[in-house]
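> Compute the structure for the input listed below.
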Amino acid sequence: MGALDPSHAVLFNLDPDVIANLGNGARLVDGLFGAGGQEGDIGFFSDARAGFSLVRSIDTLDFGGATNLLSNAFYVDNFGTAFLDDSMIPDGLFWDDNGDATDESALVAWNNIAGGGWTYGNLEVPANIDTRLAELADALGVTVAGLGYIPGGLVPAEVVAVAEANGLFAIDKIEDLRNANVNYTITVRTVDGNEFIIRTAPRFAPIVESAGSDAQFLVAGSLDAANVPFLGADAGYLAIIDSVMDVPTVAARQQALAELGFNAAAGIYGSAYALGTDQFFALSGGLGAGDAIGEEASVSSKGAMWSLDGITRGFVSLGGRVSDTHPTANNLGFETESASVWAGIERSVNPTTAIGVMLGGGQANTDMDLDAGSVDVESLGLGVYARGTMGGNGRYKTMLGYQNLSLDTERNIGVLGATASGDTDGGMFVAGVEADWLKPMNTWRWGPTASLQYVNVSVDGYTETGAGLGNLTVGDQNTNYLLASAGLRAEADYQVRGGLVNSFAYATVTTQKGGDDVITTNFDGLPGFGMPVDAQDDTWVDFGVGISTTLAKSGTSETTLGAEYKGAFFGDGFESHAVRMSLNVKF
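Below is the predicted model:
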């Protein structure tokens, strides 16, 4: 919840005269700092409590003041002056000391990264420590001396190894470091409506409060972890924080956080998506009325097709696309240019069906908005497909393909004056089916058309270079796209100087779902975070027109040239323009 405007806080008030001596406040749980509470007789980290400072006003209890300062010296030396979130808390070695799975296991050691690793805490008050150590040694199967126990001392490596292999011990997050006990008293006055509201509003570090999206929030939070001493992060991250905060405007700070994050993910998926849909676009439509396969087979006018013997055909297709994807809450927008070439050969299995194989590849170049970087993708792939007729008026095509991907990325980080570069590999599965049913009407054929396409993109993880502390280690990436289209198509054939001219046009409504992911990402030495990639869900209208014409014909030879344009319009976040050139040869 956001911070409460004091002018709206009229349903309750705090009476300083009453609460000043009631011991109200906020502190970390006693099991870690203090007298031990339910967890024992002494706090694991310190026998002194770790309380937040408190500033009172008539309608606000401000725990931590302007600095979130905690009163415990051990906490400040190891965890800083702020409350930790889940990504910043250390691992603990927990011991099931009574065989009761319903209660909390005892904390034995914590992983002090900057202090050398697994470190003992306070296991018991001095008067009872000998008994406790004997129980621990017995559970581990070592001697008390072998434990090497010193409060605040490192756990011997052999003891750690034995504990990790022992079913009574487990490594888990020390969750109580992100839990606090909050106690306060309010005096309720006369309340209209017999109800009142208490709001809790967290306060974040300035760089985190500068974030304008979930993605920026995660980046800022990871950088802010450099203020947690036990993590032992490079002090250069604190300089990066200062550089971001020195930027004069909130908008500029948000752009800096966007550039520091893994903003290339959406561009990677956009580039691969373009190449995947290009493959399906390269394949011509189903067989038409003049395409019956047999000894007298004629050349298709709807794609790059040549006839080798009556029952064998081939095709070649050259295509290009320019698309623009708008920014979302978490991702920058980008523009993609792609080009591809595909060729294949098919053979009939009956007079109405042909099956074939296609080979090809392409290249896609994506520029991120705000000059934030670029993504270059090259692909090589293959596919199997079938084309055919259905009844007297129907046609269909269906395809299943795979493309191997080679990717290069660049992130321009303006606040650092550096560029982070990455290279990795990936793969993409493409599947699609398209059908239409065209009924003759005078010189035209009209009817419904529909298609369904699926694209799955996977990219291997990698670590960037070139930007120093701004480099990111990026985990594996995976996403899916599903496109469904439905609309109308019209075609007409004309005889011109002894050759056949085929023209067509179509309009479909296309809905796209998918493109989302959460990618494990981290700066070196800082907690990782899941970088969100927003789904590219959208609906638009596809308009397409095309023509094919006979260039030359003699004897059994015929050469036909075709061209097609397909554009995506009226979408909320996506626009595309694609062209395809085809050459048909019959001999």
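
> Report the mean per-residue pLDDT for whichever strand or helix holds residue 508.
Residue 508 belongs to strand 499-514 when assigned by DSSP states H and E. For strand 499-514, mean pLDDT rounds to 91.

> Then stretch 372-386?
96.

> Only alpha carbons, please: show that stretch as PDB.
The C-alpha trace of stretch 372-386 is given here as PDB (Å, rounded to 0.1, in the frame of the first residue of the first chain):
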ATOM      1  CA  ALA A 372      19.100   0.700 -25.000                       C
ATOM      2  CA  GLY A 373      20.700  -2.100 -27.100                       C
ATOM      3  CA  SER A 374      20.200  -4.600 -29.900                       C
ATOM      4  CA  VAL A 375      19.600  -8.300 -30.600                       C
ATOM      5  CA  ASP A 376      20.900 -10.100 -33.700                       C
ATOM      6  CA  VAL A 377      19.600 -13.600 -34.400                       C
ATOM      7  CA  GLU A 378      20.600 -16.000 -37.200                       C
ATOM      8  CA  SER A 379      18.700 -19.200 -37.800                       C
ATOM      9  CA  LEU A 380      19.100 -22.400 -39.800                       C
ATOM     10  CA  GLY A 381      16.100 -24.800 -40.000                       C
ATOM     11  CA  LEU A 382      14.000 -27.400 -41.600                       C
ATOM     12  CA  GLY A 383      10.400 -28.400 -41.800                       C
ATOM     13  CA  VAL A 384       8.000 -31.000 -43.000                       C
ATOM     14  CA  TYR A 385       4.700 -30.000 -44.400                       C
ATOM     15  CA  ALA A 386       1.600 -31.200 -46.200                       C
END
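
> on that earlier part again, what pairs with the strand holding residue 508, and is each one parallel or antiparallel?
strand 477-496 (antiparallel), strand 538-554 (antiparallel) (DSSP bridges).

> Turn these into TSV, including distance to residue 329.
Where C-beta positions appear, they are placed from N, C-alpha and C, glycine not excepted. Formatted as TSV, the strands paired with strand 499-514 follow (distance: least, Cβ to Cβ, whole Å):
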stretch	distance to residue 329
strand 477-496	17
strand 538-554	14
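
> Out of these, flag the one nearest residue 76.
strand 477-496 (39.0 Å; Cβ to Cβ).

> roughly how far is that closest one from the heart of the chain?
Distance, stretch centre to chain centre, for strand 477-496: 29 Å (Cα atoms, centre = their mean, to the nearest Å).

> re earlier: could you pull out the buried residues of the strand holding residue 508?
For strand 499-514, a neighbour-count test (16 or more other Cβ atoms under 10 Å) marks 500, 501, 502, 503, 504, 505, 506, 508, 510, 512, 514 as buried.

> Could you do stretch 571-578 as well?
Neighbour counts over stretch 571-578 (16+ other Cβ under 10 Å) mark 571, 573, 574, 575, 576, 578 as buried.

> mind putting these in CSV, secondary structure, pLDDT and distance to residue 326 included?
Shown next, in CSV, are the buried residues of stretch 571-578 (DSSP: H, G, I helix; E, B strand; the rest coil; pLDDT from 0 to 100; distance: Cβ to Cβ, whole Å):
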residue, secondary structure, pLDDT, distance to residue 326
571, coil, 93, 9
573, coil, 91, 4
574, strand, 94, 7
575, strand, 96, 8
576, strand, 96, 12
578, strand, 96, 18
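
> Now the two most distant members of those residues.
573 and 578 (17.5 Å).

> Not counting stretch 350-360 itself, show me its contacts.
The contact list for stretch 350-360 (Cβ atoms under 8 Å, 6 or more residues apart in numbering) reads 279, 282-283, 287, 292-294, 313, 315, 317, 340-349, 380-390, 399, 401.

> Quick one: buried ones out of those?
279, 282-283, 287, 293, 313, 315, 317, 340-342, 344, 346, 348, 381-383, 385-389, 399, 401.

> List the pairing partners of the helix or strand containing residue 172 within its sheet, with orientation.
Assigned by DSSP H and E, residue 172 falls within strand 169-173. Its sheet considered, strand 169-173 pairs with strand 91-95 (antiparallel) by DSSP bridges.

> And for the partner strand, what's in contact with it?
For strand 91-95, contacts defined as Cβ under 8 Å, 6+ apart pick out 105-111, 118, 136, 139, 155, 160, 163, 168-174.

> Can I get the buried ones among those residues as something I can paste into PyMOL?
Buried subset of those, written as a PyMOL selection, criterion 16+ other Cβ under 10 Å:
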select buried, resi 105+106+107+108+109+110+111+118+136+139+155+160+163+169+174
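
> any low-confidence regions in the stretch 101-250 of the chain?
For the stretch 101-250 of the chain, the stretches flagged by pLDDT under 70 are 185-193.

> cutoff 90 now
Counting by pLDDT under 90, the ranges of the stretch 101-250 of the chain that qualify are 101-104, 178-204.

> show me where it has helices.
129-140, 144-147, 157-164, 206-209, 214-224, 236-246, 250-260 (DSSP state H, counting those that start in this stretch).

> where does the stretch 301-450 of the chain dip in pLDDT?
Along the stretch 301-450 of the chain, the model assigns pLDDT under 90 to residues 301-315, 344-354, 387, 389-393, 440-444.

> For it, which segments are assigned as strands?
Using DSSP state E, counting those that start in this stretch, the strands of the stretch 301-450 of the chain run over 306-307, 312-325, 334-350, 353-368, 373-390, 394-413, 418-437, 439-441, 444-459.

> how far does the strand holding residue 172 sit from the chain's center?
Relative to its parent chain, strand 169-173 has a centroid offset of 28 Å by Cα atoms, centre = their mean.

> Residues in contact with that strand: which ones?
Residues from elsewhere that reach strand 169-173 (Cβ under 8 Å, 6+ apart): 86, 89-96, 105, 108, 139-140, 163-164.

> Among those, the buried ones, what's the ChimeraX command?
Restricted to buried positions by 16+ other Cβ under 10 Å, the ChimeraX selection for these reads:
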select :89,90,92,93,94,95,96,105,108,139,140,163
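
> Quickly name whichever of the contacts of strand 169-173 is closest to residue 536.
Sorting the contacts of strand 169-173 by distance to residue 536 puts residue 86 at the head of the list, at 29.3 Å, by Cβ to Cβ.
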